[in-house]
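>>> Sequence plus the predicted model coming up.
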Amino acid sequence: MTPNDVTRLWPEIAEIDATTIEQLVVDAQYAVYLERQRADIASVRRDEQRGIPDWLDYAAIPGLSIELRQKLQQHQPQTIAQAQALDGMTPAAITLLLSVIRRGELRKAS
């Protein structure tokens, strides 16, 4: 949607400068992604004290960087909050860990 589309749909906002309208259009386009990110943040906060099971095989988690796999294996955090405190840990990696734990997948080979 362009600023011209917006003013066609809502002629009463034609008085607003084009730069502001353009920024509003961009904000509206990204609103869905920002809302999803807010939901992910809220989910992680709820799960900060969730334990990380001993059976979790960090090396088998697709999408987790080699560096983070090594740090997780070395430090063996007991909770999500402890994992978050590791240097280099990203929100995306925490979300991935939570997802794997919830599904009960990727157990270490015995």
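Received the coordinates, thanks. Everything quoted here is computed from the prediction, not taken from an experiment.
>>> how about T90, phi and psi?
phi -110, psi 160 (degrees, to the nearest 10).
>>> is it true that I21 touches L9?
No. Counting by CB atoms under 8 Å, I21 sits too far from L9 to count as a contact (11.1 Å). Any C-beta I mention is one placed from the backbone N, CA and C, and that applies to glycine too.
>>> So for those two, which sits in the more crowded spot?
I21 (19 against 9; other CB atoms under 10 Å).
>>> Which positions in the longest helix anywhere in the chain come out as buried?
Taking DSSP state H as the criterion, the chain has its longest helix at helix 18-46. Across helix 18-46, burial judged by 16 or more other CB atoms under 10 Å covers 21, 44.
>>> Identify the residues contacting the helix or strand following that helix?
Beyond helix 18-46 on the C-terminal side, the first helix or strand identified by DSSP states H and E is helix 66-75. The contact list for helix 66-75 (CB atoms under 8 Å, 6 or more residues apart in numbering) reads 58-59, 61, 64, 82-83, 86-90, 93.
>>> what do you get if the cut-off is 6 Å, keeping everything else the same?
58-59, 86, 93 (CB atoms under 6 Å, 6 or more residues apart in numbering).
>>> show me what contacts the residue nearest in space to the middle of the chain?
Taking CA atoms, centre = their mean as the criterion, A92 is the residue nearest the geometric centre of the chain, at 4.4 Å. The contact partners of A92, taken as CB under 6 Å, 6+ apart, number zero.
>>> for it, phi and psi?
phi -60, psi -40.
>>> before we move on, the earlier item: would CSV of the contacts of helix 66-75 with distance to V32, neighbour count and pLDDT be doable?
Formatted as CSV, these follow (distance: CB to CB, whole Å; neighbours: other CB atoms under 10 Å; pLDDT from 0 to 100):
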residue, distance to V32, neighbour count, pLDDT
Y58, 31, 20, 91
A59, 34, 13, 90
L86, 30, 15, 96
A93, 22, 21, 93
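>>> Much appreciated, bye for now.
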